[in-house]
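kindly generate the corresponding structure for this input.
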Amino acid sequence: MSSHSITDSFEAFTLNLLSSLLVSGPNSPFYKALIDAHIGTDFAPVVGYDGSTREACFTIGLQGIAEQDIKVVKEIIAKVIDEVIENGFEQERIEALLHKIEIQLKHQTTNFGLALASYIAANWNHDGDPVEMLQISENMARFKQSLEDNPHFLQDKVKHYFKENAHQLSLSMSPDESYLKNQAQLEKEKLQEKVNSLSMEEKKEIYKKGLELIAAQSRPQDASSLPALKVSDIQQTFSLTPVEMTYIEDEVPVQYCSQPTNGVVYFKAFTNLNTLPEDLKPYVPLFCNVITRMGCGNLDYRKQDQQIELKTGGMFASPKILQDNDNLDMYEQGVLFTSHCLERNLPDMMHLWTDIFNNPHFDDEEHLRVLVMMAAQELSNGIPESGHLYAAVRAGKTLTAAGRLQEMFNGISQVQHMKRIAEKPELLTVLRKLPRIKMHLLSNENMRCAVNATSQAIPEVSTEVEKFIRNIPGFGKKKKDKKLIRTNITEKPLNPEDAGSEVSGGSQATKKIVFSSFKACQMKTHFQLPFPVNYVSECVRTVPYLNPDFPSLLVLARLLTSKFLHREIREKGGAYGGGAMLSHNGLFTFYSYRDPNSIDTMSVFQKSIDWAKAGKFTQEDIDEAKLSVFSTVDAPVAPSNRGLDRFLLGISDEMKQKHREQLFAVDHDSLVGAANKYLTTGHSTWGAAILGPENESIARDPTWVQR
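I've put the predicted structure just below:
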């Protein structure tokens with residue numbers, strides 16, 4: 001639906017709010033009418049207000065609907081608009097939205113300037129006033145006054161822009177199973193027609209130009225005239241992040257980090273999955289997806305969502321596999337719970353967490369189906385955007401003890417698992433698994449917490465967090481008489497609790513599982529997907545974070561990317577991108593995305609290794625790679641996330657400083673040595689994965705597993 005000119009900043013602000021009221025969350029009218037009705041799987045990929053063009057627009061639609069339901073969806077949309085004009089919005093929903101804006105204004109991010117520039121760019125490009133766009137507080141005050149002056153203010157906007165607006169477009173898209181085949185045939189015919197029309201002289205000229213292009217792509221570019229940082233410009237040390245550790249009941253560590261958070265409290269809790277039976281583990285991502293969205297305590301899922309919007313900046317759970325810093329066969333498995341709120345709402349936020357841990361609702365099969373359908377659709381939609389990451393996770397599945405679980409939680413296996421659940425005629429069996437997971441997970445046993453807040457707020461936060469820990473299932477019910485112990489900011493040493501046990505203790509009482517019987521093995525997997533391009537990855541098992549060779553491999557990955565792989569994979573090969581990276585999990589990963597090639601790209605990976613082993617790079621190349629690494633190492637960290645590496649991974653400031661010194665010390669010999677030691681075939685274990693179309697050469701190769 002066509003809307004207003006985006007140069008009217010207050011109108012843009014109002015319609016943005018109106019859009020959120022119409023489509024965001026389970027209490028919005030379009031969600032109730034379209035998503036809860038099970039007509040489609042999820043909203044269309046683009047929904048809501050779009051102010052990126054001179055004439056802004058509002059879009060509403062569904063995906064995954066039957067063709068015969070297109071008319072029904074149109075009728076429902078028209079009906080919802082009429083109902084909103086008639087009934088308006090609940091005052092509590094408007095208050096929740098204004099609260100959301102308030103907390104967003106106070107929440108600090110590392111891309112603050114970039115986000116602001118993006119926010120005002122379209123308006124400014126069309127001669128709007130960028131300063132007016134930034135006066136959000138003034139627009140909020142004007143919005144509140146407009147509502148006070150005219151209780152039907154929002155309803156009038158809906159009537160004007162949606163009901164009485166003739167500038168509307170209906171668009172439907174239906175899949176064609178022969179689309180790729182037809183497209184390939186059309187391209188083949190067009191190419192043949194073009195070739196047939198060329199004279200011999202024109203063909204020779206094209207061939208000559210092709211040779212010139214290859215020569216130009218292979219010629220090193222002279223970047224000496226460009227301004228550049230030097231490694232000597234990088235500081236030898238970095239700012240430390242002091243924390244205070246508290247141990248409740250001698251068992252639950254709570255990390256407090258005083259930060260200038262602008263009056264916002266950030267809370268995190270991690271509980272591990274060590275006791276969870278294997279048959280339940282594939283359902284952990286689904287559990288995390290729904291645990292804050294199905295209701296808790298005295299609240300149904302709609303009221304819960306309303307309270308989360310009114311009192312917090314969001315409450316989330318996500319599965320985590322945390323690699324040990326010193327042993328690739330050792331990791332921690334668990335779930336991270338995160339939320340933040342304004343200081344005044346801290347008791348309400350912690351009360352919500354208490355209700356979620358004590359009494360989550362698992363009795364609404366219909367709502368679970370809605371959440372499952374949406375999750376399955378979002379996962380499927382995400383593959384074209386992140387196919388190289390899915391390929392990397394699959395390639396690393398058999399290389400470390402954590403690899404199998406990583407693939408189960410975050411790989412193609414999880415996409416397929418959610419698709420199977422979404423296709424089930426009934427979800428009662430799935431629903432019954434959620435309370436079983438809750439029994440193992442939502443407890444203060446094997447839990448640790450972290451809080452980032454202003455120093456003035458920490459005493460109150462400490463009281464609320466302790467109350468939360470004591471009032472959820474676990475040891476707290478039995479040991480009320482134990483005292484709270486505070487310690488200074490020094491690290492607890494990494495010492496095994498029991499030398500003969502398979503469980504060892506880590507910093508901050510973390511528990512990690514050691515798989516002493518694990519043996520890495522090679523596997524190559526090809527997933528046939530209906531894409532015209534490939535997502536390719538090859539992984540090599542190397543070393544953990546604390547190994548002295550880790551920094552050399554980190555710099556080597558950046559060196560290979562910028563000086564070899566980008567040129568060969570993107571510039572010559574035609575892929576959207578490609579490179580190498582080293583993750584904290586110790587896997588050296590080669591990748592390409594939206595790549596017209598597959599096996600050819602894997603041969604480029606090998607050629608890049610030969611290039612590195614031959615030492616065909618200069619000191620200037622090394623310095624550029626180091627600068628690239630330090631741009632990540634020294635990237636700004638938001639106040640909400642300072643101390644997070646210590647909390648989750650046990651990486652202290654002392655470890656970071658040693659790592660920093662090792663990065664500075666990386667030189668030509670250490671890079672060549674790392675390439676020879678870890679990237680030579682036969683010296684390490686490799687894995688590979690390709691997501692893409694059918695491939696005859698792979699199909700004929702028995703070393704590839706076809707999926």
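
check the residue found closest to K303 once you drop the neighbours it is linked to in the chain and give its pLDDT.
Leaving aside its sequence neighbours, K303 sits nearest to G295 (C-beta to C-beta, 6 or more residues apart in numbering; 7.4 Å). (Each C-beta comes from the backbone N, C-alpha and C, glycine too.) Here the pLDDT value assigned to G295 is 97.

residues in contact with K190?
Applying C-beta atoms under 8 Å, 6 or more residues apart in numbering to K190 gives no contacts.

give the buried residues for the helix ranked longest in the chain.
The residue-count maximum for a helix in the chain (DSSP state H) belongs to helix 365-395. For helix 365-395, the neighbour count (16 or more other C-beta atoms under 10 Å) marks 367-377, 379-380, 383, 387-395 as buried.

helices and strands around the helix or strand encompassing Q306, which ones?
For Q306, the host element (DSSP states H and E) is helix 301-311. Secondary-structure packing of helix 301-311 (3 or more C-beta pairs under 8 Å, 6 or more residues apart in numbering; DSSP states H and E): helix 91-106, helix 346-358.

mean pLDDT lowest where, among the ones you listed?
helix 91-106 (a mean of 91).

ok, back up a step: separation between the residue nearest to K303 and H417?
24 Å (C-beta to C-beta, to the nearest Å).

between these two, which one's more packed in?
G295 (22 against 18; other C-beta atoms under 10 Å).

now that one: phi and psi?
phi 100, psi 160 (degrees, to the nearest 10).

thinking again about what came up before, relative to T261, which of the helices and strands packed on helix 301-311 is closest?
Ranking these by proximity to T261 (C-beta to C-beta) places helix 91-106 first, at 8.0 Å.

which helices and strands does whichever helix or strand comes after that closest one pack with?
Under the assignment DSSP H and E, the closest C-terminal helix or strand after helix 91-106 is helix 112-125. Secondary-structure packing of helix 112-125 (3+ C-beta pairs under 8 Å, 6+ apart): helix 130-134.

list the contacts of the helix it packs on.
S9, F10, A12, L116, Y119, I120, N123, W124.

these: which two are farthest apart?
F10 and L116 (18.0 Å).

which strand or helix spans I437?
Using DSSP H and E, I437 falls in helix 433-441.

what about the stretch 301-450 of the chain, any weak spots by pLDDT?
The model of the stretch 301-450 of the chain has no residue with pLDDT under 70.

rerun that using 90 as the cut-off
Flagging of the stretch 301-450 of the chain using pLDDT under 90 yields the residue ranges 446.

domain-wise, how is this protein divided?
The chain breaks down by automatic domain parsing into domains covering 2-163, 179-215, 244-514, 523-706.

do you know which of these lies nearest A228?
Using C-beta to C-beta, the nearest of the domains of the chain to A228 is domain 523-706, at 7.8 Å.

run the chain-centre distance for that closest one.
20 Å (C-alpha atoms, centre = their mean, to the nearest Å).

give the contact list for the residue nearest to P384 when sequence neighbours are not counted.
Spatial nearest neighbour of P384, excluding adjacent residues (C-beta to C-beta, 6+ apart): F531 at 6.8 Å. By C-beta under 8 Å, 6+ apart, F531 lies in contact with P384, G387, L691, G692, P693.

could you check how far the residue lying closest to T685 once chain neighbours are set aside is from A401?
Nearest residue to T685, sequence neighbours excluded (C-beta to C-beta, 6+ apart): A520, at 4.1 Å. Note on A520: its distance to A401, by C-beta to C-beta, is 9 Å.

those two - which one has more neighbours?
Under the criterion of other C-beta under 10 Å, the comparison of A520 against A401 puts A401 first, with 22 against 18.

which of the helices or strands spans that one?
With DSSP H and E as the test, A401 turns up in no helix or strand.

was I right about it contacting D329?
Yes - contact status for A401 versus D329: in contact at 4.6 Å, counting by C-beta atoms under 8 Å.

which residue ranges form the strands in the stretch 451-600 of the chain?
484-487, 503-505, 511-514, 523-528, 534-541, 577-582, 587-595 (DSSP state E, counting those that start in this stretch).
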